[in-house]
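Undergrad: after the sequence you'll find the predicted model.
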Amino acid sequence: MEKYNYIDLYNFDISIEKERNCSVIGTDEAGRGPLAGPVVAAAVQLDLSDPIEGINDSKKLSAEKRELLYNKITSQAVSWAVGHATTEEIDDINILQASLRAMKRALDNSNTQWSMALIDGNRTINDFPDACQCAIIGGDCRSASIAAASIIAKVTRDRLMMEYHKKYPQYGFNTNKGYPTKEHRKRVLEYGLTPIHRKSFCEKLLTQTELNLA
């Protein structure tokens, strides 16, 4: 098993900057799989000369570690920004396109100069110049900038779902964060959909009952 070293993630970004003579910013999303809530993306430009210890793919970190790194990233990064795509957009254009739209919004919200966006995944952003973006498969495990963006996106979305829990406590958003856990699916069948549920995601589940999708 390959040993993790956060410096390797920084060296990956540094190598791209040197090879392409560019300034990189990383972007990633959180929330592609849930039944409820928006998809949230972040864009982060790091100071590559001053590594933040422990940066990694957010999925490999505990909630406590993500919170600690969120605070470090937001205080030490050259720039960071977030973007959202709503449940309505997800239902209208599908989750992939909504995720790319959220990433574009995060990049548009960035207030710094950069020339190359590193996009997590195998797809680039529509209506965005090809010359200033690069898709990186498994980018959150390879690039420090993308990993940092994954942390910001995940923490931002989790906090948002905690706020939704206050409004819809019966769905357990404080623990499931909108993901299709057994308990969450049970609550959907019991209580129906809230305005933040993705109808396109819940349709199969609800058509097994007499619940109305409207």
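TA: Here it is on my side, so go on. Numbering: from 1, shown residues only.
Undergrad: quick one: contacts for the residue most central in space within the chain?
TA: To find the centre residue of the chain, average its C-alpha atoms and take the closest one (C-alpha atoms, centre = their mean): that gives residue 29, at 2.0 Å. Counting by C-beta atoms under 8 Å, 6 or more residues apart in numbering, residue 29 touches 39, 40, 41, 42, 99, 102, 103, 120, 153. Glycine gets a C-beta too; all of them are placed from N, C-alpha and C.
Undergrad: am I right that the third one is in a strand?
TA: Yes - under DSSP: H, G, I helix; E, B strand; the rest coil, residue 41 sits within a strand.
Undergrad: okay, and the closest residue to it other than its chain neighbours sits in which element?
TA: Once flanking residues are discounted, residue 41 sits nearest to residue 102: 3.8 Å by C-beta to C-beta, 6 or more residues apart in numbering. Residue 102 belongs to helix 95-109 when assigned by DSSP states H and E.
Undergrad: return the set of buried residues in that helix.
TA: If you call a residue buried by 16 or more other C-beta atoms under 10 Å, then helix 95-109 has these buried ones: 95, 97, 98, 99, 100, 101, 102, 103, 104, 105, 106, 107.
Undergrad: same question for stretch 18-35, mean pLDDT?
TA: Taken as a whole, stretch 18-35 has a mean pLDDT of 97.
Undergrad: tilt between the helix or strand encompassing residue 147 and helix 95-109?
TA: Taking DSSP H and E as the criterion, residue 147 maps to helix 144-167. Computed with axes from the mean of the first three to the mean of the last three C-alpha atoms, to 10 degrees, the direction of helix 144-167 lies at 110 degrees from that of helix 95-109.
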